[in-house]
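Asker: Please find the sequence and the predicted model below.
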Amino acid sequence: MRIVGVLVVVGGWAITIGGLLMTSSNLARALIACLGIGVSIFGILGVLNSYYLARAIWKK
Amino acid sequence: MTRLTKRSQYLLAILGVGALLCLAAPLSALALTDQEVISGVAGPKTDEIAAKGDPGADLTGTVNDVTLADSKKGLTLADLANQAGQNKIAINFVWTLVTGFLVMFMQAGFALVETGLIRAKNANHTMMMNFMVYGLGLFAYYVCGFAIQMGGCAPIANLGGVYPLNSEHVVQAFGKPWGLFGTKGFFLQGATYDVGVMVLFLFQMVFMDTTTTIVTGSCAERWKYSAFCVSTIGLGALVYPLFGNWAWGGGWLSQLGANFGLGHGYCDFAGSGVVHAVGGITALSVAMQLGPRIGKFNRDGTPNVIPGHDIVLVLTGCFILAFGWFGFNPGSTLGASGNGCLRIGSIAVNTMLAGCTGSFAALLYMWMRYGKPDASMAGNGLLAGLVAITAPSGFVNPLAASIIGWIAGILVCLSVEFFDRIPKVDDPVGAISVHGINGLWGVLSVGLFADGRSNYGGSWNGVAGSVKGLFYGDAGQLVAQLVGISTLVGVIFTLSFLWNWLVDLFVGQRANPKAELAGLDIPEMGALCYPDFQLKAQE
């Protein structure tokens, strides 16, 4: 699960860079960058943190 | 004859000679040579000074003090020009060094804030983490961090060029050059044994150390000391320098303007992103892996407040940090003379205003929400405002600085609550919110509020003109800032996470529960911070 989380986090950045290469419109680039940031945050809090929360010390 | 008139005579004589030369020859013929001897300019007699001294300060600092290349030949125009150049660089060296010393003193502020916000039974452990980030981080940065970050940053005109730092590793991809890391300056050897490089090293080193000390706060009260040591070395040697290179060392983020037409590329004047967001995001990655302190969350997941042991330490530390920030932001001009560096005044005022409004906003928020003005959150509001203004401080006006600080003060309160209640990441001092979230806010605010009035030598990141945000007509700048944020969240988090995962595998990140309950001072450090106090273990 941690590997998946890391891939999602990096994938968010790849989306942002892809946006730079795909279009020259600032609006489109900004929206794609926001999408990329959102994906990365999901990877951190939704995937990686969930993995650690499931094993949290206060649940034992 | 008054003293002023006497001094003016020397100046007028020098200026007169210069003016005559300008009139007598076209500019192209003004190439300086030692042949052009300036005669008729006499300084005060040394006998006179020896006999009477100079209580009025009108005999010291005259033409007598201009260094002559050849004393037999006398004063030449080249001597004057060289002296002017040396004076400019001397002013910039002194400015950069002194502001660097101020930033170094921020380590004391961080140590006090973090130690005050944790329990007395862990005070020695937390102080020692803050103390040793200095040595550990410096060593890692000296060995390779500085070279990776700044090895290809030349030229920096304010510091005399720092020309030995001229090697950036660049790869070609998608038809564009992508600067990845510098390759000169390892161990400060070879040509990088250079006066300008030394000044730059000192200033950049204390910035890196600020980043490493952010992590110790979030991981306090449960981090094994050995794991902290290894983790810090990785951050100082690789993770921080990489992002530092991309933003400040001529790397690919700084070239987004030149390569993709995005404003002036990623702009981060003093490091909301490079220093604070990198530290805050690394803190998040380690705090997640460590898990919360025992007792922070109940079995149903509701959080408990674990109050710090000394609010006096916390607020004293905040004041020290606010003082040090006057080195952090104004010092990032890397000079006080030339290339628009006189903006140091407005940068200092912006810094002061954002810290003030951040503190005020946090105080009001907590007062309205919980009925009492919370001291620790007022302190965190001050720091949040300072963190947020760090990136835009050189590009925005005072009104924008006040707004940025105000938003940061509210943001830090919301963020602390969020991390406590939703992802349940235990952050004893709020460093993820103060430095991570508000670091990102600072980066974003450049893309909104930069007013296009700054002019640091006519260009920034190789793009002519001044930095303008969305509100002043440049949407491309906002996109560049968003790309920077995405890189911080997507790449820097990943690098920090992977490095600390390795640390966990080979060293083990978390102290054992018995030691944690007893307090880490004895099990980890072998001595209590307060041996005369009656300490109580907390279940």
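Answerer: Okay, I see it. What you are looking at is a predicted structure, and each value in this text was computed from that prediction instead of being measured.
Asker: does whichever residue of chain A sits closest to chain B sit in a helix, a strand or a coil?
Answerer: Chain B sits closest to A:Trp13 of chain A, with a gap of 2.7 Å, by CB to the nearest CB. For the C-beta atoms, the positions are set from N, CA and C on the backbone; glycine is no exception. Applying DSSP: H, G, I helix; E, B strand; the rest coil to A:Trp13 yields a three-state assignment of helix.
Asker: so how far is B:Ile294 from it?
Answerer: A:Trp13 sits 35 Å away from B:Ile294, going by CB to CB, to the nearest Å.
Asker: Outline the domain layout of chain B.
Answerer: B:3-75, B:86-525 (automatic domain parsing).
Asker: quick revisit: just give me the neighbour total for the residue of chain A closest to chain B.
Answerer: Using other CB atoms under 10 Å in any protein chain shown, A:Trp13 has 25 other residues around it.
Asker: Please give the number of neighbouring residues around the closest residue in space to it that isn't next to it in sequence.
Answerer: Excluding the flanking residues, the one nearest A:Trp13 by CB to CB, 6 or more residues apart in numbering or on different chains is B:Gly490, at 2.7 Å. When neighbours are defined as other CB under 10 Å, B:Gly490 has 26 of them.
Asker: which residues touch B:Gly490?
Answerer: Taking CB atoms under 8 Å, 6 or more residues apart in numbering or on different chains, we find B:Gly490 in contact with A:9-14, A:16, A:36-37, A:40.
Asker: how many other residues sit next to whatever residue of the stretch 51-200 of chain B ends up closest to chain A?
Answerer: Taking CB to the nearest CB, chain A has its nearest neighbour within the stretch 51-200 of chain B at B:Phe174, 5.4 Å off. Neighbourhood size, B:Phe174 [other CB under 10 Å]: 10.
Asker: and the closest residue to it other than its chain neighbours, how many neighbours does it have?
Answerer: Nearest non-adjacent residue to B:Phe174, counting by CB to CB, 6+ apart: A:Leu21, 5.4 Å away. Neighbourhood size, A:Leu21 [other CB under 10 Å]: 13.
Asker: B:Leu180 sits in which helix or strand?
Answerer: strand B:176-182 (DSSP states H and E).
Asker: roughly how far is the helix or strand that comes right after that strand from the heart of the chain?
Answerer: Counting by DSSP H and E, the next helix or strand C-terminal to strand B:176-182 is helix B:195-218. Put simply, helix B:195-218 sits 7 Å off its chain's centre (CA atoms, centre = their mean, to the nearest Å).
Asker: Contacts for the helix or strand that comes right after helix B:195-218, please.
Answerer: The helix or strand immediately downstream of helix B:195-218 is helix B:225-234, counting by DSSP H and E. The contact list for helix B:225-234 (CB under 8 Å, 6+ apart) reads B:125, B:128-129, B:132-133, B:136-137, B:139-140, B:212, B:215-216, B:219, B:286, B:499-500, B:503-504, B:506-510, B:520, B:524-525.
Asker: So which of the residues you listed sit within strands?
Answerer: Using DSSP state E, no member of the contacts of helix B:225-234 falls in strands.
Asker: Can you flag which of the residues you listed belong to helices?
Answerer: Judged by DSSP state H, these include B:125, B:128-129, B:132-133, B:136-137, B:139-140, B:212, B:215-216, B:286, B:499-500, B:503-504, B:506 as members of helices.
Asker: Taking those residues, please make a ChimeraX selection of just the buried ones.
Answerer: In ChimeraX syntax, the buried subset of the ones in helices among the contacts of helix B:225-234 is picked out as below (16 or more other CB atoms under 10 Å in any protein chain shown):
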select /B:125,128,129,132,133,136,137,140,212,215,216,286,499,500,503,504
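Asker: Can you classify the spatially most central residue of chain A by secondary structure?
Answerer: By CA atoms, centre = their mean, chain A has its centre lying nearest to A:Ser40, at 1.4 Å. Following three-state DSSP, A:Ser40 is assigned to helix.
Asker: What's the first helix or strand after the lowest-mean-pLDDT helix or strand in chain B?
Answerer: The helix or strand of chain B with the poorest confidence is helix B:3-24; it has a mean of 50 (mean pLDDT, DSSP states H and E). Using DSSP H and E, the helix or strand that follows helix B:3-24 in sequence is helix B:46-52.
Asker: Now find how far off-centre the next helix or strand after that next one is within its chain.
Answerer: Per DSSP H and E, helix B:46-52 leads on to helix B:77-116 as the next helix or strand towards the C-terminus. Computed by CA atoms, centre = their mean, the chain-centroid distance of helix B:77-116 equals 12 Å.
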